[in-house]
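[1] Need coordinates for the following:
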Amino acid sequence: MTIKLGIFGANGRMGRVLVEAINLDEAVELQVALVRDGSSWLGVDVGELAGIGKCGIVATDMSSVASNMPDVMVDFTLPSALPEHLDWCMEKQIPVVIGTTGLNEQQKQLIHDASKQLPVVFAANMSIGVNLLFNLARQAARVMGHSADIEIWEAHHRFKKDAPSGTAVAIGEVIADELNRDLSKCAVYGREGDTGERKHETIGFATIRAGDVVGEHTVLFADIGERLELTHKASSRLTFANGAVKAAKWLAGKPNGLYDMQDVLELK
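    Got it, this is the predicted structure:
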């Protein structure tokens, strides 16, 4: 059975890539492509926006969708838009896959609350490789984390607004959880001047913003005499979009609850 998908922010950078990813997957079809109220993209064929030619689906706003609802929505927009999108999904009873980053604790709580009424997949990164990296980082922390120094660095394009990336923070959270540390207390975000000797229990973060870097993450476990580096590099946003489509296919028909890509990929 073909699964019908909808996209929030279909005119955005990730929205356009999602249109392409859906077009490439024969198990799904694009049903709804939403843009904000009053957008200049209203009525434009989103296939042309994505550079794949007309697909027959034009950009609409939320108030214009009255029938032919999708089976699952996908949201890679801005944190400020999340409350409205969640309200719409709850009103229409449509499951949602959320890949938006830079969320604060209040916004994350909104997702948690919505998952009591809807099936929700929320992940800091939809990439299959990155989610495997989470597992490997947990294993490395279990074996080396009690003696090694731990540092995480990431690089993204010049347009990314949040730092460090949600993925970098998620890696830190996985490691801190394995080592029974509180990331909010042990994280060090950048260093400058006379910082003194490194405290072993800290987890360091470094951020690079430059050019058109899609996304790179490295976690370092450095002990005396040896070090382990785990690295993931994304060369195309399509990897995130493909992961989101995989998550949407998995989510269709699931019971209410909050899931992540570890659930989707059966890595737990």
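[2] pull the helix or strand with minimum mean pLDDT from the chain.
    Least confident helix or strand, the chain: helix 46-50 with a mean of 89, by mean pLDDT, DSSP states H and E.
[3] Can you list the strands that the helix or strand just after it pairs with?
    Downstream of helix 46-50, the next assigned helix or strand under DSSP states H and E is strand 59-60. Strand 59-60 sits in its sheet next to strand 28-34 (parallel), going by DSSP bridges.
[4] buried set for the partner strand?
    By neighbour count on 16 or more other C-beta atoms under 10 Å, the buried set for strand 28-34 is Val28, Glu29, Leu30, Gln31, Val32, Ala33, Leu34. C-beta: built from backbone N, CA, C; applies to glycine.
[5] Could you export those residues to TSV, including columns for pLDDT and distance to Gly6?
    Listed next are those as TSV, based on pLDDT from 0 to 100; distance: C-beta to C-beta, whole Å:
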residue	pLDDT	distance to Gly6
Val28	97	11
Glu29	96	11
Leu30	96	8
Gln31	95	6
Val32	95	4
Ala33	95	7
Leu34	95	7
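[6] just those now: which is nearest Ser127?
    Nearest to Ser127 among these: Val28, at 18.4 Å, using C-beta to C-beta.
[7] okay but Met14 is in contact with Gly243, surely?
    No - in this structure Met14 lies outside contact range of Gly243 using C-beta atoms under 8 Å: 11.5 Å.
[8] Next, format the buried residues of strand 28-34 as TSV and append distance to Cys186.
    What follows is the buried residues of strand 28-34, written out as TSV (distance: C-beta to C-beta, whole Å):
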residue	distance to Cys186
Val28	41
Glu29	46
Leu30	43
Gln31	45
Val32	43
Ala33	43
Leu34	40
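[9] Among these, which one lies nearest to Glu151?
    Val28 (39.0 Å).
[10] what sits against that closest one?
    Applying C-beta atoms under 8 Å, 6 or more residues apart in numbering to Val28 gives the contacts Thr2, Ile3, Lys4, Leu5, Ile22, Val245, Ala248, Lys249.
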